[in-house]
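A.B. asks: Dropping the sequence and predicted coords here.
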Amino acid sequence: MKNYATKDIRNVVLLGSSKSGKTTLSEAMLYEGKVIDRRGTVEAGTTVSDNTEFEQTNQKSVYATPLYAEFMNAKFNIIDAPGSDDFSGGALSAFKVCETAILTVNAQQGVEVGTTIFSRYAKQYQVPMIIAVNQLDHEKANWEQTRTSLKEEFGKSIAFVQFPVNPGTGFKSFIDVLTMKYYVFTDDNGTRESHDIPAEYADEAEMMHQELMETAAMGKDELLEKFFETMELSAEDMAKGLKIGVRDGSICPVLCGSAMTGLGVEMLMQTIIDLVPVATDMPAEAAEDDDGNAIEVAIDPEGATAAIVFKTISDQYGKYSMIKVVRGKVTSDMALYNVTTGNTEKLGRLYFMKGKKGEETKEICCG
């Protein structure tokens, strides 16, 4: 794997109720990022994320699993968090190192108790969100119910970027109201064609485009002024406003698709690249010096090395500490000061993790 600059790294945590499709989405993202050459399933116990016997037997995530994917010259660090509130600690630890949450919503159920719980956690920890409405290909998918429940739950912050055409077993297309294009998916690998919007959907698309434009304009004063003057914003201006709104948590974009078939996953990953903040956009980390005084450690690729340990796991081969580098870079031959023990510790091998497997690397860059 090549080394990525901080600006090209995206750290996301997958949240949502049990059975909303987080693990299936993580599998689709790994497939899209060429980490795996076929998608496993939760039912068969073959996903990269749910890799323990307990998880595979019970068909549910118990641990927050770190994964990665490479896509469009960007590196995705993905944490698949458990959907059960009993194991919510995994999500809370992920908030420490992820700049954005992808909140999956089951199109059969709309907003569920877990949706509310995890969205409140994200708000509490000031982690921006993108909502991915999943399972729109299920026979019981109900887009209108889902859309209504999202509006009721999230109010004016909600921003519908896409809406599906023929949700249910015939779901193979959706309309993107940012670009005003009609996308038709031609196979199970997510291959798509873009067309002009069919006449029967033109009025709904225009109405949602206007709503999205108004929401995007709220992201920046100059965009709001421009909108009031002309009542129009370009797609580029709208994307700029959405990015600002996502970063400060005032806007929550909604996309749609099916993680099982991969429909819409590529566009979700492209949206993550385009809209979500990177590490250097985020506030400095709170810390303490040797005397216990409060200090701040800003994200700085050129600074003296500093990293956060957010998870430790043990297996038959030893103990692994999962870290996020917040300053400088970490190399495999480096000795670092452990602020908890007061000792200097020499590092062993470094890995990028994908479930229980790792790809060895010589250095980990900031972000």
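C.D. replies: That came through fine.
A.B. asks: neighbouring contacts of the least confident helix or strand in the chain by mean pLDDT?
C.D. replies: Of all helical and strand segments in the chain, the minimum by mean pLDDT, DSSP states H and E falls on helix 53-58, at a mean of 76. Residues from elsewhere that reach helix 53-58, judged by CB atoms under 8 Å, 6 or more residues apart in numbering: 45, 50, 61-63. C-beta here means a position set from N, CA and C on the backbone, and glycine is covered the same way.
A.B. asks: among those residues, which are in helices?
C.D. replies: Among those, DSSP state H puts none in helices.
A.B. asks: what distance separates the longest helix along the chain from the middle of the whole chain?
C.D. replies: Identified as the longest helix of the chain according to DSSP H is helix 199-217. Centroid displacement of helix 199-217 relative to its chain, using CA atoms, centre = their mean, to the nearest Å, is 25 Å.
A.B. asks: Could you pull out the helices in this protein for me?
C.D. replies: Along the chain, counting by DSSP H, helices occupy 22-32, 53-58, 89-95, 113-124, 143-154, 199-217, 221-230, 235-248, 265-275.
A.B. asks: want to throw those helices into a markdown table with mean neighbour count and distance to Y182?
C.D. replies: Formatted as a markdown table, the helices of the chain follow (neighbours: other CB atoms under 10 Å; distance: least, CB to CB, whole Å):
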| stretch | mean neighbour count | distance to Y182 |
| --- | --- | --- |
| helix 22-32 | 27 | 22 |
| helix 53-58 | 13 | 39 |
| helix 89-95 | 19 | 35 |
| helix 113-124 | 18 | 28 |
| helix 143-154 | 17 | 16 |
| helix 199-217 | 17 | 7 |
| helix 221-230 | 13 | 25 |
| helix 235-248 | 20 | 15 |
| helix 265-275 | 20 | 13 |
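A.B. asks: among those helices, which gets the worst mean confidence?
C.D. replies: Of all these, helix 53-58 carries the lowest average pLDDT, namely a mean of 76.
A.B. asks: now that one, how far from the centre of its chain.
C.D. replies: 24 Å.
A.B. asks: which non-adjacent residue is nearest N106?
C.D. replies: Spatially, and ignoring its direct neighbours in sequence, N106 is nearest to S20 (4.4 Å; CB to CB, 6 or more residues apart in numbering).
A.B. asks: Repeat that for L14.
C.D. replies: Leaving aside its sequence neighbours, L14 sits nearest to K22 (CB to CB, 6+ apart; 4.3 Å).
A.B. asks: how near is that neighbour to L67?
C.D. replies: Here the distance between K22 and L67 works out to 11 Å (CB to CB, to the nearest Å).
A.B. asks: Overlap in contacts, those two.
C.D. replies: Contact criterion CB under 8 Å, 6+ apart; residues shared by K22 and L67: D80.
A.B. asks: Most remote residue from the middle of this structure, which is it?
C.D. replies: Counting by CA atoms, centre = their mean, the extreme residue of the chain relative to its mean C-alpha position is D291, 37.0 Å from that point.
A.B. asks: And that one, how far from A306?
C.D. replies: Using CB to CB, D291 is found at 17 Å from A306.
A.B. asks: do the same with S84
C.D. replies: For S84, the distance to A306 - CB to CB - is 33 Å.
A.B. asks: neighbour count winner among those two?
C.D. replies: A306 (21 against 14; other CB atoms under 10 Å).
A.B. asks: Tell me who's in contact with the closest residue to that one other than its chain neighbours.
C.D. replies: Computed as CB to CB, 6+ apart, the closest residue to A306 that is not its neighbour in sequence is R327, at 4.1 Å. Shown in contact with R327 (CB under 8 Å, 6+ apart): 297-301, 303-307, 366.
A.B. asks: repeat that for 10 Å
C.D. replies: Residues counted as contacts of R327 (CB atoms under 10 Å, 6 or more residues apart in numbering) are 284-285, 297-307, 366.
A.B. asks: among those, which are in strands?
C.D. replies: The strands, defined by DSSP state E, take in 285, 297, 306-307 from the contacts of R327.
A.B. asks: Mind putting the residues you listed into CSV with pLDDT and distance to E99?
C.D. replies: Formatted as CSV, these follow (pLDDT from 0 to 100; distance: CB to CB, whole Å):
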residue, pLDDT, distance to E99
E285, 82, 12
V297, 87, 16
A306, 91, 17
A307, 92, 16
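A.B. asks: Return the closest of those residues with respect to M353.
C.D. replies: M353 has its nearest neighbour among the ones in strands among the contacts of R327 in A307, at 15.0 Å by CB to CB.
A.B. asks: How many residues are close by that closest one?
C.D. replies: A307: 19 neighbours (other CB under 10 Å).
A.B. asks: and it, what is it in contact with?
C.D. replies: A307 makes contact with 297, 321, 323-330, 334, 336, 364, 366, according to CB under 10 Å, 6+ apart.
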